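Participant: After the sequence you'll find the predicted model.
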Amino acid sequence: MELLKQETEDIVSVKLPVGSVLQWLNAYLIRGEDGYTLLDAGMPDEETFGLWQQAWRHLGISPRDIRSIIITHHHVDHYGLAARLQDVTGASVRMTEACFLQASRIWSADSVYDEEVLELFTRHGAPGHLLEVTAPELKHYVKSMTAHPDTEFIRAGDKLALGKSIFEAELVSGHAEGHLCLYDKQEQLVFCGDHVIPKMLPNLNFTLGFDENPLSSYFSSLKEHAELPVRKAYPGHMIPFRKYNARAADIAAQYRQRIDDILARMDKPMTAFELCCLVFFVPVNAEQLRFKLFEMLASLNYLQSLNLIETAEAGADGRLYYRRAPAHANRNP
């Protein structure tokens with residue numbers, strides 16, 4: 001995997017490993033008159049930090065040439081190394097307030113977020129053997145990072161100078177509440193993070209206590225971006241691409257098809273985990289359980305907000321069941 005690619009005269013993409021099906025994160029270095037802006041930090045590990053050092057050496061710059069760090073959203077592959085990079089560069093770190101609040105909720109020395117997630121998964125039908133393998137991985141996940149950067153908040157509509165261009169901050173939700181996209185209206189370029197990526201569907205791994213109906217938010221944001229004049233998009237994963245508007249519309253269409261699929265399979269009261277196994281596949285490890293069960297819950301929360309489904313009484317085992325709402329019990333999508 002090639003570490004660096006010169007995308008334009010002033011934009012360099014930096015491929016950083018993420019250890020998942022996505023393979024790598026696209027971070028970016030954007031050259032300005034007085035230094036560089038670094039967009040997205042990477043995982044909080046030594047390998048990623050070493051790759052940043054290698055990237056700086058290759059470009060002939062020092063850490064102090066990084067004047068600003070911008071984080072698109074709170075997921076660990078984008079946010080994780082932000083505090084350490086701030087320490088070595090002295091750069092300001094900017095992100096949305098929702099990004100910072102979610103990261104602070106999940107990762108801290110006294111975080112019990114892993115216990116909250118396990119309780120949620122238990123209530124929604126995850127079997128004991130999967131919970132047993134998930135518990136230690138969740139514990140490690142929430143303890144993997146406890147340092148947070150000193151942060152300046154970016155608000156919707158803020159104008160940010162990156163390189164020779166002025167980008168407008170757009171706050172979108174769905175993949176992550178308060179996700180930041182940066183849009184250059186004049187050149188019709190967008191740094192879109194994970195809001196829209198080519199080929200794969202961005203997941204809906206929402207944060208408990210924040211936007212728990214992310215699919216509704218996603219549909220709204222995707223509708224806006226399906227109409228946004230974009231010549232080229234720089235995503236957080238895979239490769240920069242064109243036809244951004246068509247891709248935004250396609251993601252929305254695939255999620256709407258999934259909603260119909262869920263309703264079609266709900267022929268009796270079922271737990272979220274049972275539906276997860278029917279619509280996706282049977283999760284066999286902690287990562288699959290976390291991503292797919294959260295994604296199913298996001299879909300069920302959306303259907304419930306439309307009054308298309310309802311929760312049935314919890315069973316004797318305390319698990320929560322879903323069923324079609326009476327008015328839609330015979331719905332045939």
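Facilitator: Nice, thanks for sending it over. As the structure is a computational prediction, the values presented were derived from the model and not from experiment. Numbering: from 1, shown residues only.
Participant: all strands of the protein, in order?
Facilitator: Remark: strands assigned in the chain by DSSP state E are 4-6, 11-17, 24-32, 35-39, 66-70, 92-95, 151-153, 159-162, 165-172, 179-184, 189-193, 232-235, 309-311, 322-324.
Participant: what comes up buried for the top helix by length along the chain?
Facilitator: Secondary structure of the chain read by DSSP state H shows that its longest helix is helix 244-265. Neighbour-count burial for helix 244-265 flags 244-245, 247-252, 255, 258-259, 262-263 (criterion: 16 or more other Cβ atoms under 10 Å). The C-beta positions use only the backbone N, C-alpha and C, and glycine is treated the same way.
Participant: Out of those residues, which two are the most distant from each other?
Facilitator: Across the buried residues of helix 244-265, no pair lies farther apart than 244 and 263, at 29.7 Å, counting by Cβ to Cβ.
Participant: which residues in this structure form helices?
Facilitator: Under DSSP H, the chain gives helices at 46-59, 76-79, 82-89, 97-106, 113-123, 128-143, 214-225, 244-265, 272-279, 286-305.
Participant: Distance of the closest residue to residue 18 other than its chain neighbours relative to residue 279?
Facilitator: Closest residue to residue 18 apart from its sequence neighbours, by Cβ to Cβ, 6 or more residues apart in numbering: residue 77 at 4.5 Å. Per Cβ to Cβ, to the nearest Å, residue 77 is found 25 Å from residue 279.
Participant: When these two are compared, which one has more neighbours?
Facilitator: Neighbours per residue, other Cβ atoms under 10 Å: of residue 77 and residue 279, the larger number sits with residue 77, 25 against 17.
Participant: pretty sure the more buried one is touching residue 44, no?
Facilitator: No - with contact defined as Cβ atoms under 8 Å, residue 77 does not reach residue 44; the gap is 9.5 Å.
Participant: Find the residue ranges of this protein scoring beneath the pLDDT cut-off.
Facilitator: 328-333 (pLDDT under 70).
Participant: How is it partitioned into domains?
Facilitator: Annotated domains of the chain cover 4-107+146-254, 113-143+266-328 [automatic domain parsing].
Participant: ok, residue 325 - contacts?
Facilitator: Residue 325 makes contact with 307-310 under the criterion Cβ atoms under 8 Å, 6 or more residues apart in numbering.
Participant: can the residues you listed go into TSV with extra columns for neighbour count and distance to residue 232?
Facilitator: TSV is the format used below for the contacts of residue 325 (neighbours: other Cβ atoms under 10 Å; distance: Cβ to Cβ, whole Å):
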residue	neighbour count	distance to residue 232
307	10	41
308	18	38
309	23	40
310	15	44
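Participant: From these, pick the one nearest residue 108.
Facilitator: Residue 108 lies nearest to residue 309 out of the contacts of residue 325, by Cβ to Cβ, at 34.8 Å.
Participant: I'd like the distance between the nearest residue to residue 215 once chain neighbours are set aside and residue 308.
Facilitator: Among residues not flanking residue 215 along the chain, residue 302 sits closest, at 4.0 Å (Cβ to Cβ, 6+ apart). In this view, residue 302 and residue 308 are 9 Å apart by Cβ to Cβ.
Participant: Contacts only, for residue 254.
Facilitator: Residue 254 is in contact with residue 201, counting by Cβ under 8 Å, 6+ apart.
Participant: Please identify the deepest-packed of the helices of the chain.
Facilitator: helix 76-79 (a mean of 25; mean count of other Cβ atoms under 10 Å).
Participant: OK, contacts around the nearest residue to residue 93 once chain neighbours are set aside?
Facilitator: The shortest distance from residue 93 to any residue other than its chain neighbours is 4.0 Å, reached at residue 149 (Cβ to Cβ, 6+ apart). Residue 149 makes contacts with 69, 82-83, 85-86, 93, as judged by Cβ under 8 Å, 6+ apart.
Participant: That's all I had, so thanks and see you.
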